[in-house]
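1. Quick one: sequence and predicted model below, then my questions.
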Amino acid sequence: MVTNVIFATFTFIFFALEGSIMAQGLELGLGIPQWLGYAASTLIIIPLVIYGMNTLAKLQVWTTPLWLLLMVVPVGYLLISHPGSVEEFIAFSGESGGAGTNLASVMLAAGVCLSLMAQIAEQIDYLRFMPPKTAENNGAWWRAVILAGPGWVMFGAIKQIVGMFIAIYLIAKLDPAASATANEPVHQFLGVYQEMMPGWLAMTLAVVLVVISQIKINVTNAYSGSLAWTNSFTRVTKTYPGRMVFVAVNLLIALVLMEANMFDFLNTILGFYANCAMAWVVTVASDIAVNKYLLKISPKLPEFRRGMLYAVNPVGFVSMMVSAGVSIAVFFGAFGAAIQPYSPIFAVGLALVLPPVIAVLTKGRYYLRRRDDGIDLPMFDADGNPSDARLLCHVTGLEFERPDMVRSALDGPDGEPQYVSSLALSTDKTGELVLPAQQ
């Protein structure tokens with residue numbers, strides 16, 4: 001539940017960030033006041049996320065060629081027509097203009113960048129729709145999983161570098177006063193486009209690029225955030241209100257942040273959030289790399305079904321809470337100003353060390369409450385893909401795929417086994433549906 005809240009928080013923070021960028025573009029290109037642009041950038045997303053990830057995947061495919069063209073052309077233009085811009089970018093010393101590297105400043109910037117690591121979790125919603133892995137598509141399948149999964153951070157890093165590159169070019173070459181708006185993407189691309197083409201066309205393409213970019217990102221933020229909020233709410237209240245309720249909740253929170261002009265104190269928000277994000281991501285990574293593969297304490301196959309898990313596993317829960325708590329305290333200066341900029345290092349260090357320590361101390365007993373889900377059908381097919389066999393959930397009356405099901409503690413009228421889905425277990429307020437834990 002805690003990880004769902006952390007991830008959901010990421011989605012509305014970044015929805016607000018991307019919505020603010022879209023509003024800046026609408027104000028510059030169409031003269032729409034920013035407060036109205038915030039509302040427009042929020043409302044336009046709602047109809048796009050109603051139909052789920054299949055529709056969103058098609059949207060991403062259709063818009064990507066134009067988006068790539070509008071992104072790559074201005075960067076290519078600068079590299080070809082102004083080759084010295086690369087040297088200026090590397091030599092840029094920031095506002096202070098000082099020589100050398102300031103490690104504290106580097107860590108503050110790193111904290112902002114590291115906050116984007118949580119975006120990896122959003123990629124899962126796309127990877128769920130990967131086709132089954134077979135002998136014929138094995139290589140392509142793994143390339144897609146790696147690039148669209150953990151490899152996505154490389155694309156995120158490239159986008160950040162491109163933004164900095166163009167901003168520094170504008171400040172150094174066009175107008176020193178451009179530093180006031182150089183952090184706004186619409187002004188960045190507009191400045192380069194204006195060197196390449198007539199002003200009216202440059203403005204049009206800059207606004208189109210910003211709007212497409214923000215829609216592509218925010219449909220995912222809205223969809224993934226709604227799932228995370230729904231999971232957390234269901235876990236706490238044992239009630240499933242439906243995903244669309246939390247689409248509205250997530251977007252409402254994001255809209256409030258935008259109207260509060262969060263863009264002006266964005267670095268502080270992202271710097272704070274980075275502590276939570278890194279505590280979460282590194283805890284998971286440490287548990288997988290160390291506990292699963294080196295110590296072999298964690299189960300080899302990941303498990304998510306409510307009936308197979310304890311309510312709390314101290315390996316992940318305690319590790320994440322301690323690493324996040326300590327790093328947040330450092331971020332707010334609890335241990336002095338000298339180490340304040342290094343709070344992400346505390347999050348990473350503690351999240352790396354604590355999971356194996358706690359796993360050894362607890363002997364891994366809280367990973368699974370059961371080793372057997374009580375179903376005779378195999379979980380995977382011959383190629384190792386999750387089985388697509390469907391079983392009837394006797395609680396909801398709906399069919400679910402085999403990997404989502406466990407045997408119910410309640411047998412049928414004639415003593416035959418019955419099956420129960422994760423959804424039914426999540427809303428079970430009595431606990432009667434879950435088989436007893438195995439000792």
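-> That came through, no problem.

2. Quick check: can you list the domain ranges of the protein?
-> Annotated domains of the chain cover 2-260, 285-362, 373-439 [automatic domain parsing].

3. Among these, show the one with the smallest mean pLDDT.
-> Across those, domain 2-260 has the smallest mean pLDDT, namely a mean of 83.

4. now that domain, how far from the centre of its chain.
-> Relative to the centre of its chain, domain 2-260 is centred 11 Å away, using Cα atoms, centre = their mean, to the nearest Å.

5. Look up how far residue 144 lies from residue 133.
-> Going from residue 133 to residue 144 by Cβ to Cβ, to the nearest Å gives 10 Å. C-betas here are computed from N, CA, C, even on glycine.

6. now the domains of the chain in CSV, with mean neighbour count?
-> Output for the domains of the chain, formatted as CSV (neighbours: other Cβ atoms under 10 Å):
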stretch, mean neighbour count
domain 2-260, 17
domain 285-362, 18
domain 373-439, 15
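
7. and these as a markdown table, adding distance to residue 278?
-> A markdown table is the format used below for those (distance: least, Cβ to Cβ, whole Å):
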| stretch | distance to residue 278 |
| --- | --- |
| domain 2-260 | 5 |
| domain 285-362 | 4 |
| domain 373-439 | 28 |
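
8. Looking at those, which is nearest to residue 277?
-> Of all the domains of the chain, domain 2-260 sits nearest to residue 277, with 4.4 Å by Cβ to Cβ.

9. Endpoints of that closest one, how far apart?
-> Across its full length, domain 2-260 reaches 26 Å between end residues, using Cα to Cα, to the nearest Å.

10. Quick one: residues contacting residue 27.
-> With contacts defined as Cβ atoms under 8 Å, 6 or more residues apart in numbering, residue 27 is in contact with 33-34, 37.

11. So residue 427 is in contact with residue 234, correct?
-> Yes - with contact defined as Cβ atoms under 8 Å, residue 427 and residue 234 form a contacting pair (6.4 Å).

12. list residues touching both of those two?
-> residue 240.

13. what sits against residue 255?
-> Counting by Cβ under 8 Å, 6+ apart, residue 255 touches 16, 19, 38-39, 42.

14. Look up phi and psi at residue 388.
-> Torsion angles at residue 388 (phi, psi; degrees, to the nearest 10) stand at phi -100, psi 10.

15. Nearest residue to it in space, please, no chain neighbours.
-> residue 401 (5.9 Å; Cβ to Cβ, 6 or more residues apart in numbering).

16. Quickly list what that neighbour is bridged to.
-> When bridges are called by DSSP bridges, residue 401 pairs up with residue 390.

17. That one contacts residue 387, correct?
-> Yes - the criterion here is Cβ under 8 Å, and residue 401 meets it with residue 387 at 7.0 Å.

18. Spatially central residue for the chain, please.
-> For the chain, the residue nearest the mean C-alpha position is residue 119 (2.5 Å; Cα atoms, centre = their mean).

19. residue contacts, that one?
-> Residue 119 neighbours (Cβ under 8 Å, 6+ apart): 10, 14, 152-153, 156.

20. any idea which helix or strand comes after the helix or strand harbouring it?
-> Assessed by DSSP states H and E, residue 119 sits inside helix 119-127. Downstream of helix 119-127, the next assigned helix or strand under DSSP H and E is helix 138-148.

21. what packs against that following helix?
-> On a contact count with 3 or more Cβ pairs under 8 Å, 6 or more residues apart in numbering; DSSP states H and E, helix 138-148 meets helix 119-127.

22. between the helix it packs on and helix 138-148, how many degrees?
-> If you take axes from the mean of the first three to the mean of the last three Cα atoms, to 10 degrees, helix 119-127 sits at 140 degrees to helix 138-148.

23. Just the C-alpha atoms of helix 119-127, please, in PDB.
-> Extracted C-alpha coordinates of helix 119-127, given in PDB (Å, rounded to 0.1, in the frame of the first residue of the first chain):
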ATOM      1  CA  GLN A 119       8.700   6.700 -14.000                       C
ATOM      2  CA  ILE A 120      10.000   3.100 -14.500                       C
ATOM      3  CA  ALA A 121       6.900   1.900 -12.600                       C
ATOM      4  CA  GLU A 122       4.700   3.500 -15.200                       C
ATOM      5  CA  GLN A 123       6.300   1.500 -17.900                       C
ATOM      6  CA  ILE A 124       4.900  -1.700 -16.300                       C
ATOM      7  CA  ASP A 125       1.400  -0.600 -17.400                       C
ATOM      8  CA  TYR A 126       2.700  -0.800 -21.000                       C
ATOM      9  CA  LEU A 127       4.800  -4.000 -20.600                       C
END
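
24. now the helices: where do they sit in the stretch 101-250 of the chain?
-> 103-114, 119-127, 138-148, 152-169, 185-196, 199-237, 243-259 (DSSP state H, counting those that start in this stretch).

25. Out of those helices, flag the one nearest residue 421.
-> Across these, closest to residue 421 is helix 199-237 (Cβ to Cβ), at 12.5 Å.

26. can you state the direction angle for that closest one and helix 243-259?
-> In terms of direction (the same axes, to 10 degrees), helix 199-237 departs from helix 243-259 by 130 degrees.

27. and helix 199-237, what does it pack onto?
-> helix 2-30, helix 46-49, helix 53-81, helix 119-127, helix 185-196, helix 243-259, helix 422-426.

28. Now do the second one: everything it contacts.
-> It refers to helix 46-49. Helix 46-49 has contacts (Cβ under 8 Å, 6+ apart) with 55-56, 59, 215, 219, 222-223, 226, 247-248, 251.

29. what's the most distant pair in the residues you listed?
-> Across these, the longest distance by Cβ to Cβ is 20.0 Å; it joins 59 and 248.

30. mind exporting the helix or strand harbouring residue 361 as CSV, just the C-alpha atoms?
-> According to DSSP H and E, residue 361 maps onto helix 343-362. Extracted C-alpha coordinates of helix 343-362, given in CSV (Å, rounded to 0.1, in the frame of the first residue of the first chain):
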residue,chain,number,x,y,z
SER,A,343,20.0,13.3,1.3
PRO,A,344,19.6,11.1,-1.8
ILE,A,345,22.8,9.3,-0.9
PHE,A,346,21.3,8.4,2.5
ALA,A,347,18.2,7.0,0.8
VAL,A,348,20.2,4.9,-1.7
GLY,A,349,22.7,3.7,0.9
LEU,A,350,20.1,2.6,3.5
ALA,A,351,17.8,1.1,1.0
LEU,A,352,20.7,-0.9,-0.4
VAL,A,353,21.9,-2.3,2.9
LEU,A,354,18.7,-2.8,5.0
PRO,A,355,16.8,-5.3,2.8
PRO,A,356,19.4,-8.1,3.0
VAL,A,357,20.0,-7.4,6.7
ILE,A,358,16.3,-7.6,7.6
ALA,A,359,15.8,-10.6,5.3
VAL,A,360,18.6,-12.5,7.2
LEU,A,361,17.2,-11.5,10.6
THR,A,362,13.7,-12.6,9.7
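
31. Thank you, goodbye.
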